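>>> sequence first, then the predicted structure:
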Number of protein chains: 2
Amino acid sequence: MKELIQRKRDGAELSSDEIEYWIQGVADGSVPDYQSAALLMAITIRGMTRAETIALTEAMLHSGRTLDWSKLGRPTVDKHSTGGVGDKVSLALAPWVAACGAAVPMIAGRGLGHTGGTLDKLEAIPGFRVKIDPEAFQSQLQKIGVVIAGQSDDLAPADRELYALRDVTATVESVPLIVSSILSKKFASGAGAVVFDVKCGGGAFMRSREEALALARELVSTARELGRKARALLTDMAQPLGDAIGNANEAAEAFGMLRGGAPSDLTELTRDLGTAMLVLCGVARERFEGAARMDRALESGEALRRAEALVEAQGGDPRVVADPTLLPRAAVESLALSQRSGSVTGIDARALGELLVAMGGGRRRKEDAIDPAVGIRLLRKIGDRVEAGEPVAVIEAHRDAPEWADAALRAYAIGDEPPAPRQLVLEQIME
Amino acid sequence: MKELIQRKRDGAELSSDEIEYWIQGVADGSVPDYQSAALLMAITIRGMTRAETIALTEAMLHSGRTLDWSKLGRPTVDKHSTGGVGDKVSLALAPWVAACGAAVPMIAGRGLGHTGGTLDKLEAIPGFRVKIDPEAFQSQLQKIGVVIAGQSDDLAPADRELYALRDVTATVESVPLIVSSILSKKFASGAGAVVFDVKCGGGAFMRSREEALALARELVSTARELGRKARALLTDMAQPLGDAIGNANEAAEAFGMLRGGAPSDLTELTRDLGTAMLVLCGVARERFEGAARMDRALESGEALRRAEALVEAQGGDPRVVADPTLLPRAAVESLALSQRSGSVTGIDARALGELLVAMGGGRRRKEDAIDPAVGIRLLRKIGDRVEAGEPVAVIEAHRDAPEWADAALRAYAIGDEPPAPRQLVLEQIME
């Protein structure tokens, strides 16, 4: 192990046997954390070749159980987002795509720091279970075509160990480590095709478009070299997605989409991702057919019913999908009032994500509990006009909280002229 | 801590407050090993500025107790070698320099891998104690002017933690980490002046002269910026020092020097180091006076008596100094017989160091026990003539061991012509 670390430290390319040896040692606990930490840092600084990234992905993928849906009789497809503020897409997208005829065995994560997590948003639904044992997973997928669950202990266990270690050793940002982590998890859960939503901008992990594009390309081409179908949408995270930031309020907004009543940016992105998923897994031949299927599933109410079936199958009250007032909600509203008239020119998504953490709706450390009822509601988005004294955002908390309203206001930039309109989907990376 | 790791990962210079924060956390256990491992790797790859190295040295130096000999009434001086094969200098040098009027509070180390350690060689003397409590250390230094002891738990504890971690994370080779480790230990033990023996060549840690010179310069100038007296001798380790490799046999050879009967390379280097120590700590005004004092202490028998006093003070039988047959010695000799006539052109010191480990005389891992009685005796050194069928080396083991004799023979290169004579002390670095 020491020689292996040394070789990467000096910039050498590791063989697939060496990478396999390391990852097996991570999985069975024989390689101590401090050796992995040193190697992760060497990888972060020295980088990895494509061959190394592929070997690392394969080793992590096979470090535990892998699921196989080849006998399901339906194509499987998943979506992965690199995370942002207000990104509640998965809650609606997974049942919506299932309603179109694909199966969606989705492994989702929790929020940390300024970004939220799908599992936390789902757990805002009283009774909802995100831990699903393999038999229940299989029968639910067979029956309703959609599961959203946490990564079980036996799926890519080496990735889980390394992910926790990267988080505390400043080695999260390495592209090969990100790519192998995402792909090993996704492919261990048996999805035959994956669409990546790679976000860039102030509220995203990758701030610049160039970095995000590099990650998107690496994800798609590594997945393809592993024999899987993949494509990526490069999407804008210059401001939060949709109007709700929180857990229960984001779940409500996501389900609102399935009733036709959600902010247009959120609906547009979700529909584009679903269309790409349907085409990629072969349910639709091309994107116009995919989009038409998505629209039909929405209009027919089939997407809504599938979401209700999902919530019910995982122990929640299915009525929350049609009636968001059944979700918890902090009752005391504090308004962030604009001090000037003008147009919103920017919204600091990261600052709002961090504000939610301060309000108790997010986590500073993994072991923190979160309060699903608190949230931030944006009344104005970039390009919107506001008059002095009008609110731009509402804090929903358990007490009057002018300091949080002030913090929300500080996240807004208001200028004289509206900015040029922005595109939400910046690019589609097919290979 | 995470941001600190991140900054070094990205090549930034850490402030002395940041370094102090890390080292305090290492000393009190609040910074976990894996974070230190990641930071050590980032330091190894990115390097450290002079200011960072000084801050790191100071932080480690003050992470525990520091000894103060200012009231001793004699100047204190120490020597540090970067380690090599057959380097038994300290055993004779410390009492010899003490016999000249300086006080030598020497903190020594153990062997690991192919290099030996002073403490292991001293422990070949039955009863010899290397753990000395602070009160006994002080009274012994006062009384006989010399102590050779292990690093006690309370001296530079952060260095001890980091050293163990570096050993298993391929971060041993970093010059700033080496410099701060050596200096913090040496200065915590209260030596007012230190002479460094920086070795280069096949048997040394630094193989090339350039690397060794860079380390020597960094040691001397960092020490001086910390307000301490320091100089370094750059010395050749192309072959083992002296003729004995082992523990008891090296102790015997070292004490033989004090009776005037030791290989000339060993005696020459020890005398040069002692001379530099006497000048540096002010006992001698310049090197001719220093050398004359060294010679006088040897001829008068004062150096020998001081070595006996040292052994006795630390629980050993003082008669071993005059009579090496009292030391343990493996009785079965196997000869490494030259297959050709010619001149010795090279001796692979590292291979011989590793052979000693294989024979049980060294450690693969820290927790290994060693056998002080086994050893290798070199009958020929570089430049010596040998005839076919004559022995070049002798294995001393507990059984007949032709395979070890073969291994010793393979460490010898024998050619037609003797090589050009080599210098042992290559350079003296004064600042």
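Great, that's in hand.

>>> what does chain A have sitting close to chain B?
Within reach of chain B by C-beta under 8 Å from any C-beta of the partner chain, chain A has these residues: A:2-3, A:5-6, A:9, A:32-42, A:44-46, A:165, A:168-171. Bear in mind the C-beta positions are built from the backbone N, C-alpha and C, glycine included.

>>> quick one: low-confidence parts of chain A?
Along chain A, the parts satisfying pLDDT under 70 run over A:431.

>>> dead centre of it: give me the residue that sits there.
Nearest to the geometric centre of chain A sits A:Ser81, at 3.7 Å (C-alpha atoms, centre = their mean).

>>> look up how far chain B lies from that residue.
From A:Ser81 across to chain B, the span is 23 Å (C-beta to the nearest C-beta, to the nearest Å).

>>> what's opposite that residue in the beta bridge?
A:Asp197 (DSSP bridges).

>>> pretty sure A:Glu123 contacts A:Lys131?
No: checked against C-beta atoms under 8 Å, the pair A:Glu123 and A:Lys131 is beyond contact range at 10.5 Å.

>>> look at those two and report which has more neighbours.
Applying other C-beta atoms under 10 Å in any protein chain shown to A:Glu123 and A:Lys131 shows that A:Glu123 carries more neighbours, namely 21 against 11.

>>> which residue ranges of the stretch 201-350 of chain A form strands?
All strands of the stretch 201-350 of chain A, identified by DSSP state E, counting those that start in this stretch, fall at A:229-236, A:244-246, A:332-337, A:342-347.

>>> what helices and strands are in contact with the last one?
What that stands for is strand A:342-347. strand A:385-386, strand A:412-415 (3 or more C-beta pairs under 8 Å, 6 or more residues apart in numbering or on different chains; DSSP states H and E).

>>> quick one: residues contacting the residue nearest to the centre of chain A.
A:87, A:89-90, A:196-197, A:199 (C-beta atoms under 8 Å, 6 or more residues apart in numbering or on different chains).

>>> now do 7 Å
A:87, A:89, A:197, A:199 (C-beta atoms under 7 Å, 6 or more residues apart in numbering or on different chains).

>>> do A:Leu234 as well
Per C-beta under 7 Å, 6+ apart, neighbours of A:Leu234: A:198, A:200, A:212-213, A:216, A:426-427, A:429.

>>> quick one: which of those residues sit in helices?
Residues of the contacts of A:Leu234 located in helices (DSSP state H): A:212-213, A:216.

>>> any idea which of the residues you listed has the most stuff around it?
Neighbour counts for these peak at A:Ala216, which has 27 neighbours (criterion: other C-beta under 10 Å).

>>> and the end-to-end length of stretch A:149-161?
End-to-end distance of stretch A:149-161 (C-alpha to C-alpha, to the nearest Å): 18 Å.

>>> if we can go back for a sec, in helices, which of the residues of chain A next to chain B fall?
Filtering these for helices - DSSP H - leaves A:2-3, A:5-6, A:9, A:33-42, A:44-46, A:165, A:168.

>>> how many residues are close by the closest residue to chain B within the stretch 301-431 of chain A?
When scored by C-beta to the nearest C-beta, the stretch 301-431 of chain A has A:Arg365 as its residue closest to chain B, at 11.3 Å. Neighbour count for A:Arg365, taken as other C-beta under 10 Å: 9.

>>> for it, which residues are in contact?
A:Arg365 neighbours (C-beta under 7 Å, 6+ apart): none.

>>> is it true that it lies in a helix?
No: under DSSP: H, G, I helix; E, B strand; the rest coil, A:Arg365 falls outside any helix and is assigned coil.

>>> now do it against A:Arg110, distance only.
Separation of A:Arg365 from A:Arg110 (C-beta to C-beta, to the nearest Å): 12 Å.

>>> cool, and A:Arg363?
From A:Arg363 over to A:Arg110 (counting by C-beta to C-beta), the distance is 7 Å.

>>> also A:Thr44?
23 Å.

>>> looking at these two, which is more packed in?
A:Thr44 (27 against 19).

>>> just checking, that one touches A:Val172?
No: assessed by C-beta atoms under 7 Å, A:Thr44 is found out of contact with A:Val172, at 8.6 Å.

>>> count of neighbours near the closest residue to A:Ser208 other than its chain neighbours?
In this structure, A:Ser208 finds its nearest non-sequential neighbour in A:Cys200, 6.4 Å apart by C-beta to C-beta, 6 or more residues apart in numbering or on different chains. Using other C-beta under 10 Å, A:Cys200 has 26 other residues around it.

>>> ok, A:Cys200 - contacts?
Residues near A:Cys200 by C-beta under 7 Å, 6+ apart: A:206-209, A:212, A:234, A:236-237.

>>> cool, and A:Tyr34?
A:Tyr34 neighbours (C-beta under 7 Å, 6+ apart): B:33-34, B:37, B:165, B:168-169.

>>> those residues into TSV, with extra columns for distance to B:Gln142?
Shown next, in TSV, are those (distance: C-beta to C-beta, whole Å):
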residue	distance to B:Gln142
B:Asp33	39
B:Tyr34	44
B:Ala37	41
B:Leu165	36
B:Val168	39
B:Thr169	41
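
>>> looking at those, which is nearest B:Glu354?
Proximity of the contacts of A:Tyr34 to B:Glu354 (C-beta to C-beta) peaks at B:Val168, which lies at 19.0 Å.

>>> hmm, that closest one is touching A:Lys2, no?
Yes: B:Val168 sits in contact with A:Lys2 when judged by C-beta under 7 Å, with a separation of 6.2 Å.

>>> more neighbours: which of those two?
B:Val168 (19 against 14).

>>> excluding covalently adjacent residues, which one is nearest to A:Gly101?
Nearest to A:Gly101 is A:Val283, by C-beta to C-beta, 6+ apart, at 5.0 Å.

>>> so the one you found touches A:Ala98, yeah?
No: the pair A:Val283 / A:Ala98 is not scored as a contact, 10.4 Å apart, by C-beta under 7 Å.

>>> ok, the two, which is more surrounded?
Neighbours were counted for A:Val283 and for A:Ala98 using other C-beta under 10 Å; A:Ala98 has more, 27 against 20.

>>> OK, contacts around the more buried one?
A:104, A:144-146, A:306 are the contacts of A:Ala98 under C-beta under 7 Å, 6+ apart.

>>> next one: A:Gly353 from A:Pro263, what distance?
17 Å.

>>> and the ones in helices among the contacts of A:Leu234, which is closest to B:Val311?
Checking the ones in helices among the contacts of A:Leu234 one by one against B:Val311 (C-beta to C-beta), the nearest turns out to be A:Ala212, at 69.2 Å.

>>> wait, that closest one touches A:Met206, no?
Yes: assessed by C-beta under 7 Å, A:Ala212 is found in contact with A:Met206 at 4.0 Å.

>>> the residue lying closest to A:Ser189 once chain neighbours are set aside - how many residues pack around it?
Excluding its sequence neighbours, the residue lying closest to A:Ser189 (C-beta to C-beta, 6+ apart) is A:Ile107, at 4.5 Å. A:Ile107 is flanked by 24 other residues according to other C-beta under 10 Å.

>>> element containing A:Ile107, please.
strand A:104-108 (DSSP states H and E).

>>> partner strands of that strand, with direction?
Sheet partners by DSSP bridges: for strand A:104-108, these are strand A:146-150 (parallel).

>>> next one: the strand it pairs with to chain centre, how far?
What separates the centre of strand A:146-150 from the centre of its chain is 13 Å, taken as C-alpha atoms, centre = their mean, to the nearest Å.

>>> repeat for stretch A:255-268
In terms of C-alpha atoms, centre = their mean, the centre of stretch A:255-268 is set 17 Å apart from its chain centre.
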